[in-house]
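[1] predicted coordinates and the sequence they were generated for:
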Amino acid sequence: MANTLLKVAIIQLALSVAVSFAVDPGMVSRVTPRGFDFLAAAGRRKAEEMARGHRIPDQSGSTGPVSYHVSGMKITSFQIPRLSIRTENDGLWVSSHLQLSINGHFHYSAPFYSADGSFDATVGDMSTTFYIRVGADTRGRPHVSRSYLGCCNADHVSVDLHGQPGWISDKAAAYLQDYVNDEACPQIFPEITNMINQQLRSLTMLEEIYDGLELDYSFVSNPRMQMSSFDINHKGEVYAIDQHSEAPGPIASIPVDSDQTSMFYVWITDYLVNSAGYVLHSYGYLERNVTENDIPTGTKFSLNTSGFPLSVVFPQVRKMFPDMMTQFHVNSTKQPVFRTTTEKMTIIICGDVSAYVMEEDDTLAYLFTLGAQLTTSFNVAMKGQNVTWRSKVDSFKLELLETAIGDLKIDMIKRLLPTVMNTFINKMGAVGRNLPSFQGYHPTATNITLGEGFLKIGTDIQQLHTPFEDLLRALFFHK
């Protein structure tokens, strides 16, 4: 019974506070006191939901000359009026008050007498307080490095052995209360600690974020308390799956920040973003053939040589290959570079664009190759629950690298493309994108702050009636 009572409340909370503070992390996340309150409330609701109707293993034993066997036990009522979490000495004190009712069947025998029947038992108040300190093992997974039971006390215990004299029911209630307080609590807590660590050892600390790409969010040091919050320092690097080569470049230091306004925070360094760019470039993710099928339906754009915009931008191609379809091979020539300052975010993209025309026999005729370098800066903001942005093309370099159709004039592209890009991107950015719900939880009151080499995101979470355990895995790593 004690195992059932504590399992759901403790394991989930231990997983939720598996947080750390490390040297040069690529990503840092934080759970504030308000975040712990949210997790405690969500965990309380989930524990109550899971416990109701739960069946408890049969129990047998003896007390003095009386032997007993209890079977068919089921929790009929389970409530947690109070559950709280507070930080102390880089660990957590978790306190709870439980109320539960159980029914089942009993059989007992004493010298010259035996009886059996059904029973109802109620624990009016079971208070538990325990301390856990979560560290990191050698593989960067959370690990309960220290724990102890502060108190575990069952009070207001009543038992009704149906059909038996009242004094026998009272004796059973007193025995049950003594058993929980003196034997069950001390025995069950070490088992719970081992069970937590078994659960934690099963974590991979890798999350697939894109087809073939995964984020390593393993711990790089033990947890550390910061102004009553727990800061979580993660490896924070993107790899190709099963190809964990380190991306070049420094990792920005995240300054001490005492902000506790939001429930949860995450600091994303430029290194994390650039590691993704490194993988995308190195493993060919930034190579693509763009055809007419990639043009959104309902737009005025076409890759026909006689249509818009090719007929305007490349009139020479239109004359040589009238009313024919083209396709473009786009390829990055350098790793994209992402930079954040307190004023803006900037991305530098370098690539080649090779153009082909589809001839009548379905063969491709090579036209030309352009080399481009684009530097774009942008700012992000919150508009209600939408992330909005505004971009500006800081520089755009374009040159003709090779041509099979003679000299090609590209001055018009140089002039028009930055304006077209700004107009198109900013039109979408003015509306923005709604923050996604994940596993039934929705971020709210989100704020975004830019720093030197990092992006800070703070958010509250609103529950949309979903299993509590899904929140902890998906909180910062939504696919």
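    Received the coordinates, thanks.

[2] hey, where'd the helices end up in the stretch 51-200 of the chain?
    Assigned by DSSP state H, counting those that start in this stretch, the stretch 51-200 of the chain shows helices spanning 166-179, 185-201.

[3] what packs against the first one?
    This means helix 166-179. Helices and strands touching helix 166-179, as assessed by 3 or more C-beta pairs under 8 Å, 6 or more residues apart in numbering; DSSP states H and E, comprise strand 113-136, strand 142-161. Where you see a C-beta, it was placed from the backbone N, CA and C, and this is true even at glycine.

[4] tell me the buried residues in it?
    Buried residues in helix 166-179, defined by neighbour count with 16 or more other C-beta atoms under 10 Å: 168-169, 171-173, 175-177, 179.

[5] got the CA coordinates for that helix in PDB?
    C-alpha atoms of helix 166-179 as PDB (Å, rounded to 0.1, in the frame of the first residue of the first chain):
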ATOM      1  CA  GLY A 166     -16.200  -3.200  17.200                       C
ATOM      2  CA  TRP A 167     -13.300  -3.900  19.400                       C
ATOM      3  CA  ILE A 168     -11.800  -6.200  16.800                       C
ATOM      4  CA  SER A 169     -12.100  -3.500  14.200                       C
ATOM      5  CA  ASP A 170     -10.400  -1.100  16.500                       C
ATOM      6  CA  LYS A 171      -7.600  -3.500  17.100                       C
ATOM      7  CA  ALA A 172      -7.100  -3.900  13.400                       C
ATOM      8  CA  ALA A 173      -7.000  -0.100  13.000                       C
ATOM      9  CA  ALA A 174      -4.400   0.300  15.700                       C
ATOM     10  CA  TYR A 175      -2.300  -2.500  14.100                       C
ATOM     11  CA  LEU A 176      -2.500  -1.000  10.700                       C
ATOM     12  CA  GLN A 177      -1.400   2.400  12.000                       C
ATOM     13  CA  ASP A 178       1.500   1.000  13.900                       C
ATOM     14  CA  TYR A 179       2.600  -1.100  10.900                       C
END
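
[6] now what about it, what contacts it?
    The contact list for helix 166-179 (C-beta atoms under 8 Å, 6 or more residues apart in numbering) reads 63, 119, 121, 154-155, 157-161.

[7] quick revisit: Serialize the helices and strands packed on helix 166-179 to TSV and add fields for mean pLDDT.
    Formatted as TSV, those follow (pLDDT from 0 to 100):
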stretch	mean pLDDT
strand 113-136	90
strand 142-161	87
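
[8] will you turn those strands into TSV that also has mean neighbour count?
    Listed next are these as TSV, based on neighbours: other C-beta atoms under 10 Å:
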stretch	mean neighbour count
strand 113-136	17
strand 142-161	17
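
[9] all helices for the stretch 351-479 of the chain, in order.
    411-431, 468-474.

[10] between the ones you listed, which gets nearest to Thr138?
    helix 468-474 (22.2 Å; C-beta to C-beta).

[11] name the stretch among the helices of the stretch 351-479 of the chain that sits most buried.
    Across those, averaging neighbours per residue (mean count of other C-beta atoms under 10 Å) puts helix 468-474 on top, at a mean of 18.

[12] any idea how far the residue of the chain most remote from its centre lies from Met73?
    Largest separation from the mean C-alpha position in the chain: Phe112, at 62.6 Å (C-alpha atoms, centre = their mean). For Phe112, the distance to Met73 (C-beta to C-beta, to the nearest Å) stands at 28 Å.
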